[in-house]
Every structure is written in C-alpha cells, then in structure tokens.
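**Student:** From the sequence below, what's the structure:
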Amino acid sequence: MIVKSLGMALRARDWAAVVIEFAIVVLGIFVALQAENWNQERKDRQLEQVYISRLIDETRANLALLNELDRILDEKISFIDALPGLSLDEAVRRDPKDFMSRLDYSTYLALPALRSEAYQELEGSGRLSLLRDTELRSAIAGILNDYESARPFFLNPIGDYRRLLSETLPGRAFNEYRVAGRVSDAAAVVAAVETFRSDPRFSAAANAEIWYSADLLFHIRALEPRAEEILSRLEAGGGAGTVREVPRPLIERPRSPDPGDGSQ
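**Tutor:** Residues are numbered from 1 along each chain as shown. Alright, predicted model coming up:
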C-alpha cells in the first residue's frame, strides 16, 4: 500500500507526499530493527542469567574445594611437625582410625581441577560477551588459568616423605584402613611409625614435605579471596562493575619435579 502510494506521488510529482511516504517507510524499518534488537537483547539477558547461575554454582564448589585444601594442608603441616615428638602409643591406641587418617593425609599430593564447565562453554561458543562485566570475565579466566598453571608443579613432591612411609608402614595395615575402614593391629602401626621417624632420612624428608605443603598452602590462600570476590560479584547479578584487585602469587617461580617421586 505504501509502495503504491509512493509510486503515485512520484508520477504526480507530489514531492511533499514522496517525502512523507519515504519517511514512513524508513520509520517502519527503524521500528522493526529496534524491536528485533530489543528482543535479542532480552534473550541475551535471559541467557546471561542462566550462565551466571551456573557460574555461581561452580564458584561455590571451587571455593569449597579451596577451603578444603586449605584445611587439609594446614593439618598436614601440623601433623608432620608434631610427629617426631608424638607419643605414638597414646595417639594410636586412643583412636587408631583417626591416627591413620592423619598419617594418610600427611602424604596428600592431589590437587583436583577447579570446575569451569560454564566458563569453557561460553568461551568455546564465542559467547563470553554475554557476561557484560569485562572485569568479571578477566577475574574468572585469571583464577582458572593460574590454578591450572600451578597444578603440574605441585603434583610433584620435593622430598622422600611419602616413599619412606610407604616402605615402612605394612601394606596390609594400610589396605585394611583404606579399604575396610578399620585398624585391627594398632601395635604394628606404632612399630612401623616408630621405625619411620627413626630413619636417618626422616628429618630431611619431613622438612621437605612441610616446605612443599607450606608453599602450596600459600598459593591456595591467595586464590581463596579471589574466588570469594568473584562469587560476590556473580551473586550481585554479574552486571558491569569493578572486581577488587587481589594479589596473584600463582605462579611466580617454577618448581623442578623430583624424578624419583610420583604423584597420588
């Protein structure tokens, strides 16, 4: 109808009518484009909230993991430090399973991967721009990259603590504790640990294990406030804003893995 009216106005050389009809066409196109853009923006914001919800779940899980690693490493250092002067008869006989658990964790090497499924999905699909807060995007990428960069180094111990203990503690006793969840021969455990800490190599091995664990704990504690800040921003809606700068020590110096040691 508009095209027909425009054609008639052109034939009649009614320039005022031509301008009006042309303006109506342009306005219609503009309104249609604006409506399409508004609809796409609405879909993007809905999708952004879906991803923010997933990122919140992942960040909470990652923060819980970091907190658990913090606790394990702190207890590990305290146990190894106290082991030389510990009354084994009293500690083992009082609660054999608890002692074996603490002894087991004193060899802890695992550094599980942080969850990053939602972020990787956004990155892989080219949809990172859905997260409008560029500082938030950088903060998430930074903590994931720093953690992953450190894992290969910290999955290798720097001493013989684990190997010495595995050579001393009877495999049958460890298997019973690990698989069946019980300790039936406390006397054998006491004798084995006494032999372990009396080994001339124990002092250096324990010192190296504390060094390794303290270094790892230092980096874990640097990541925790960064994860908390990211979670706070996500829970606030993930809109544009500024993420507080937090020190990033990971990873400032490479560690040379000991070729004689493995990882758990």
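**Student:** For the closest residue to Leu114 other than its chain neighbours, pull up the helix or strand it's in.
**Tutor:** What sits nearest to Leu114 in space, not counting adjacent residues and going by CB to CB, 6 or more residues apart in numbering, is Asn62, at 4.6 Å. Any C-beta I mention is one placed from the backbone N, CA and C, and that applies to glycine too. Secondary structure from DSSP states H and E places Asn62 in helix 15-82.
**Student:** Mind checking what helix or strand follows that helix in sequence?
**Tutor:** Following helix 15-82 toward the C-terminus (DSSP H and E): helix 88-94.
**Student:** Could you list the buried residues of that next one?
**Tutor:** Leu88, Ala91, Val92 (16 or more other CB atoms under 10 Å).
**Student:** dump the residue contacts of the residue nearest to Leu114.
**Tutor:** Leu114, Arg115, Ala227 (CB atoms under 8 Å, 6 or more residues apart in numbering).
**Student:** change it to 10 Å
**Tutor:** Contacts of Asn62 were listed using CB atoms under 10 Å, 6 or more residues apart in numbering, and they are 112-116, 143-144, 147, 223-224, 227, 230-231.
**Student:** do Asp199 as well
**Tutor:** Asp199 neighbours (CB under 10 Å, 6+ apart): Asp160, Leu164, Leu165, Glu167, Thr168, Ala205.
**Student:** Counting neighbours, what do you get for Asp57?
**Tutor:** Number of residues near Asp57 (other CB atoms under 10 Å) recorded here: 14.
**Student:** Correct me if wrong: it contacts Tyr119.
**Tutor:** No. Here Asp57 does not reach Tyr119: they are 11.9 Å apart, not a contact under CB atoms under 10 Å.
**Student:** Quick check: phi and psi at the closest residue to Leu169 other than its chain neighbours.
**Tutor:** With CB to CB, 6+ apart as the criterion, Leu169 has its nearest non-adjacent residue at 4.7 Å, and that residue is Ala192. Dihedral pair for Ala192: phi -70, psi -40, per degrees, to the nearest 10.
**Student:** which residues touch Ala192?
**Tutor:** Per CB under 10 Å, 6+ apart, neighbours of Ala192: Leu88, Leu103, Leu165, Glu167, Thr168, Leu169, Pro170, Ala173, Phe174, Asp185.
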